[in-house]
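In: got a sequence here, can you build the structure:
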Amino acid sequence: MPPRIITRARGLKFGAVVAAGCLALSACGGGDDGASSDESAPPLTGEPIKIGYGASMSGPQAVNGLAAKAVAHAWEKYTNAHGGVNGHPVEIELVDTKNTVPGATSVAKQFLGDNSIDAIFLTDLVAEGTMTDLFKDAPVAIISGGGSSDLLWSALPGVFQNVSGSDYTIKAYANQAQSVGAKNFGWAACAEVAVCQENGGKAISYAQSIGMKGAGSQLISATATDYTAECLAFIGDKADAIAFNIGFATGTRFASDCLQQGYDGTFSVINSGFDQTAFGKISGFRSVGGTNGFPWWSDAEPVKIYREAMSKYSSDGSWASGNSTAIWSSFELLKKALETAKPTEITRQTVMDAMYTVNNETLGGLLPEPITYTKGQPSKPVGCNWVFKFNAGDDNPESIEPSQSGNGAPGDLASTCTGY
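Out: All right, here's what the predicted structure looks like:
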């Protein structure tokens, strides 16, 4: 069984828990990471809302799960310091799925079998697409932590998604590359996941259908020490846009190698394939990007709250990426659903029922399009995201505003929709 980060007993009142030890995901001790609170917030007197979170904190794409750990910690601490959810404190139990199907299956079964878990979150881009049978007719709400597989997130009732899936994302890579004038589209595929390779064929076919030329696909292994051969292959195929279907930790090394070999085109990046801090350090790096999570650079008040919480409670965690903001918005959507439903008690069923109160919700621009969940039906595929440009040396990404806002928000929070 994968190691637990921290386990918690169900039913302890918040005050007793604090007196006895640490909150789930929280470090013991004082300072800014302690249990500071908004003095005007009501006391936390309700029964805890317990969330089980399976996240890939090790393995080939561990950056996604480590971001989940940082965001979950900050959201839990910030929420509890500001009144909880209708007076209920939240407790998040995080377990490493190890970026493998057996690891994710073990964690999911652990949470499904624990009746004290009120909702389950999952962040594991390697394993998520194989979880459909396990989550079919699950008695607990399954909520996406920035997930992308349409095999899961738009396939089952009771499984809740609020960001675009892989089918839309495949098209977005090519659309955003074309928007900056690219004509020859290449695909850098994560070697560890078969679907990355499958997506490459689909993406290149789509790029050709909108008037671009295909510059081939190359397998990029996270464990490789050098990417010279792959970079030279793209350069030989005259690629002027290379899509990163790889995590940003691998992408930074790949981009550096390609630039050293003379690549002078654009990198097309999306979600966990992009991290502002990491790519900002690579001289000559130029990109056009898309993010399923809200733009972290926006001056909108809800985004300022996100940055404040991350700075205060997870200062060492990754926050300047769409993977991180997508996870935050999933937590905020659960919170909004429970605040709307106001259940008299917290159970698996009342949390599930609360999720079905979500109707035309954008969280003030934190979601890419109005989200509605309908009982008995899978989540509707999302056909919108946010598009930006970012070059090394830029303080922040530059939003590419659409002609029409997909979520009704103005400015940086206005999303781009190209259909599904």
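In: which residues of the stretch 101-250 of the chain fall in helices?
Out: For the stretch 101-250 of the chain, the helices defined by DSSP state H, counting those that start in this stretch occupy 101-112, 132-135, 150-153, 166-179, 194-209, 228-236, 248-260.
In: of all those, which one comes closest to Val387?
Out: Of all these, helix 166-179 sits nearest to Val387, with 5.3 Å by Cβ to Cβ. C-beta here means a position set from N, CA and C on the backbone, and glycine is covered the same way.
In: what are the contacting residues of that closest one?
Out: With Cβ atoms under 8 Å, 6 or more residues apart in numbering as the test, helix 166-179 has contacts from 148-150, 164, 185, 187, 195, 199, 202-203, 206-207, 210-212, 241, 243, 245, 266, 268, 270-271, 288-290, 292, 381-383, 385, 387, 400, 418, 420.
In: Lys98 looks like it's in a helix, true?
Out: No. Assessed with DSSP: H, G, I helix; E, B strand; the rest coil, Lys98 is coil; it does not lie in a helix.
In: what's the following helix or strand after the helix or strand bottoming out on mean pLDDT in the chain?
Out: Every helix and strand of the chain was ranked by mean pLDDT, DSSP states H and E. The lowest is helix 14-20, at a mean of 32. Per DSSP states H and E, the first helix or strand lying C-terminal to helix 14-20 is strand 49-55.
In: quick check: angle from the next helix or strand after that next one to strand 49-55?
Out: Sequence order places helix 62-81 as the next helix or strand after strand 49-55, per DSSP H and E. Interaxial angle of helix 62-81 relative to strand 49-55 (axes from the mean of the first three to the mean of the last three Cα atoms, to 10 degrees): 170 degrees.
In: tilt between helix 62-81 and helix 248-260?
Out: Using the same axes, to 10 degrees, helix 62-81 lies at 130 degrees relative to helix 248-260.
In: ok, Arg348 - contacts?
Out: Neighbouring residues of Arg348 by Cβ under 8 Å, 6+ apart: Asn115, Ile117, Asp118, Ala119, Pro139, Val140, Ala141.
In: how many other residues sit next to the fifth one?
Out: Using other Cβ atoms under 10 Å, Pro139 has 10 other residues around it.
In: show the backbone phi and psi for the closest residue to it other than its chain neighbours.
Out: Closest residue to Pro139 apart from its sequence neighbours, by Cβ to Cβ, 6 or more residues apart in numbering: Arg348 at 5.6 Å. Main-chain dihedrals, Arg348, degrees, to the nearest 10: phi -60, psi -40.
In: hang on, the earlier thing: which one of the helices of the stretch 101-250 of the chain lies nearest to Gln276?
Out: Using Cβ to Cβ as the measure, helix 248-260 is the one of these that comes nearest Gln276, at 9.3 Å.
In: show me the contacts for the residue nearest to Ala300 when sequence neighbours are not counted.
Out: In space, and not counting its chain neighbours, Ala300 is closest to Leu413: 5.4 Å by Cβ to Cβ, 6+ apart. By Cβ under 8 Å, 6+ apart, the contact set of Leu413 is Phe294, Pro295, Ser298, Ala300, Val303, Gly364, Gly365, Leu366, Trp386, Asn407.
In: in strands only, show me those.
Out: Judged by DSSP state E, the contacts of Leu413 include Trp386 as members of strands.
In: between the contacts of Leu413, which is nearest Ile51?
Out: Nearest to Ile51, judged by Cβ to Cβ, of the contacts of Leu413 is Leu366 at 18.7 Å.
In: that closest one is in contact with Phe331, isn't it?
Out: No. Checked against Cβ atoms under 8 Å, the pair Leu366 and Phe331 is beyond contact range at 10.5 Å.
In: so the two - more neighbours on which side?
Out: Between Leu366 and Phe331, counted using other Cβ under 10 Å, the more crowded position is Leu366 (27 against 24).
In: got the phi and psi for that one?
Out: Taking degrees, to the nearest 10, you get phi -80, psi -10 for the backbone angles of Leu366.
In: put the buried members of the contacts of Arg348 into a ChimeraX selection.
Out: Buried members of these, defined by 16 or more other Cβ atoms under 10 Å, are picked up in ChimeraX with:
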select :117,118,119,140,141
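In: columns distance to Ile170 and pLDDT on top of the contacts of Arg348, output as TSV?
Out: Output for those, formatted as TSV (distance: Cβ to Cβ, whole Å; pLDDT from 0 to 100):
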residue	distance to Ile170	pLDDT
Asn115	39	97
Ile117	33	98
Asp118	34	98
Ala119	29	98
Pro139	33	97
Val140	30	98
Ala141	27	98
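In: of the contacts of Arg348, which is the nearest to Thr250?
Out: Of all the contacts of Arg348, Thr250 sits closest to Ala119, with 31.2 Å by Cβ to Cβ.
In: please consider this matter closed, and thank you.
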